[in-house]
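> below is the structure, and that's it, no one-letter string:
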């Protein structure tokens with residue numbers, strides 16, 4: 001690419017980012033908050049290795065992290081309204097009739113006990129039980145690209161039932177305990193209600209094994225591909241009656257020649 005072409009691409013990228021900041025502005029209302037939001041976005045997109053309040057403030061040319069911390073911890077703005085704006089922006093760019101919704105959770109390792117929802121629980125990020133927070137995320141993917149469009153923090157039962165702890169961390173009274181599949185069902189339903197074009201919903205066995213989630217999708221006529229565990233009980237109606245089996249048994253009964261290998265993605269040594 002020529003220098004002129006490269007510089008033109010950078011300018012176009014900055015213009016698009018500036019337009020997005022303007023679009024997000026009404027969520028924050030006050031001019032100071034809008035400026036802090038813009039600086040926060042610049043920091044997230046920068047090469048700063050750790051996105052802490054201090055380092056993001058330094059990236060923005062600020063002497064102290066107060067503005068960054070205030071944006072996330074003390075300012076009043078509607079996170080769901082921001083989600084709606086970001087989701088609409090994403091679908092305008094990536095929306096496609098063949099697009100898919102993908103739900104999964106991830107863990108955020110923590111050392112303390114005061115962050116909302118922190119507990120010793122299994123984290124796929126660490127691959128073991130760790131002191132962490134868990135978030136359930138909804139992504140959208142199409143031929144044009146992929147991005148996250150919704151999220152919800154998982155609140156363990158010990159948090160949901162501890163009024164003192166809830167009050168100390170400012171957990172809203174409306175936030176009750178919900179399983180991860182229940183959270184996923186709400187995220188998916190909200191996206192579908194918002195008109196997100198979706199050919200399939202995809203998730204792993206944690207979500208595929210939840211009958212309520214599957215029934216919700218079936219009641220909406222929404223196609224899905226959800227993994228299930230190898231011992232998941234399956235029942236089929238046959239002429240001779242009800243046949244009960246499981247995926248492991250069905251797979252073992254197939255002949256070796258009917259299997260085909262497909263790449264699962266790029267790995268460190270080529271296709272996996």
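Nice, thanks for sending it over. Just so it is clear, the model here is predicted, and its values are computed rather than measured.
> let's verify residue 117: helix, strand, or coil?
coil (DSSP: H, G, I helix; E, B strand; the rest coil).
> which residues touch it?
Residues near residue 117 by Cβ atoms under 8 Å, 6 or more residues apart in numbering: 133-134, 153-156, 159. Heads up, the C-betas are built off the backbone N, CA and C, glycines and all.
> that one and residue 248, how far apart?
Per Cβ to Cβ, to the nearest Å, residue 117 is found 34 Å from residue 248.
> in the stretch 1-150 of the chain, where is pLDDT below threshold?
Within the stretch 1-150 of the chain, the set of residues satisfying pLDDT under 70 comprises 1-8.
> could you report the neighbour count for residue 118?
For residue 118, the count of nearby residues is 20 (other Cβ atoms under 10 Å).
> now the two most distant members of the contacts of residue 117.
134 and 159 (11.2 Å; Cβ to Cβ).
> how many neighbours does residue 261 have?
So residue 261, with other Cβ under 10 Å, has 6 neighbours.
> and for residue 50, the neighbour number?
With other Cβ under 10 Å as criterion, residue 50 counts 7.
> wait, is it part of a strand?
No. Going by three-state DSSP, the assignment for residue 50 is coil, not a strand.
> can you tell me which residues contact the residue of the chain positioned farthest from its centre?
Distance from the centre of the chain peaks at residue 240, with 44.7 Å (Cα atoms, centre = their mean). The contact partners of residue 240, by Cβ under 8 Å, 6+ apart, come to none.
> what of residue 88?
Residue 88 neighbours (Cβ under 8 Å, 6+ apart): residue 194.
> tell me where this protein has helices.
Applying DSSP state H to the chain gives helices spanning 3-28, 31-45, 53-59, 66-73, 79-94, 157-160, 163-168, 180-193, 205-208, 211-219, 247-252.
> okay, the angle between the longest one and helix 66-73?
Same thing as helix 3-28. Helix 3-28 and helix 66-73 are oriented at 60 degrees to each other (axes from the mean of the first three to the mean of the last three Cα atoms, to 10 degrees).
> now helix 3-28: buried residues?
21, 24-25, 27-28 (16 or more other Cβ atoms under 10 Å).
> include distance to residue 67 when you put those residues into CSV, please.
Formatted as CSV, the buried residues of helix 3-28 follow (distance: Cβ to Cβ, whole Å):
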residue, distance to residue 67
21, 15
24, 16
25, 16
27, 17
28, 12
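> and which of those is nearest to residue 176?
residue 27 (25.6 Å).
> contacting residues around the closest one?
Here residue 27 is in contact with 77-78, 81-82, 85 (Cβ under 8 Å, 6+ apart).
> may I see the buried residues of stretch 55-74?
Result for stretch 55-74 [16+ other Cβ under 10 Å]: buried residues 55-60, 62, 65, 67-69, 71.
> same question, stretch 40-57
So for stretch 40-57, counting by 16+ other Cβ under 10 Å, buried means 40, 43, 53, 55-57.
> and stretch 243-263, by the same measure?
Quick answer for stretch 243-263 (16+ other Cβ under 10 Å): residue 247.
> for stretch 171-185, same thing?
Residues 171, 178-185 are the ones in stretch 171-185 that count as buried (16+ other Cβ under 10 Å).
> any chance of the buried residues of stretch 55-74 in CSV, plus distance to residue 203?
Putting these into CSV (distance: Cβ to Cβ, whole Å) gives the following:
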residue, distance to residue 203
55, 34
56, 32
57, 38
58, 39
59, 36
60, 37
62, 41
65, 37
67, 38
68, 34
69, 34
71, 32
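> circling back to that earlier point, out of residue 134 and residue 159, which sits in the busier spot?
residue 134 (22 against 19).
> excluding its backbone neighbours, what's nearest the more buried one?
With sequence-adjacent residues excluded and distances taken as Cβ to Cβ, 6 or more residues apart in numbering, residue 134 is closest to residue 154, at 4.2 Å.
> that neighbour: neighbour count?
The criterion is other Cβ under 10 Å. On that basis, residue 154 has 19 neighbouring residues.
> separation between it and residue 34?
Relative to residue 34, and taking Cβ to Cβ, residue 154 is found at 31 Å.
> which residues touch the closest residue to residue 176 other than its chain neighbours?
In space, and not counting its chain neighbours, residue 176 is closest to residue 160: 6.1 Å by Cβ to Cβ, 6+ apart. Neighbour list for residue 160: 166, 175-177 [criterion: Cβ under 8 Å, 6+ apart].
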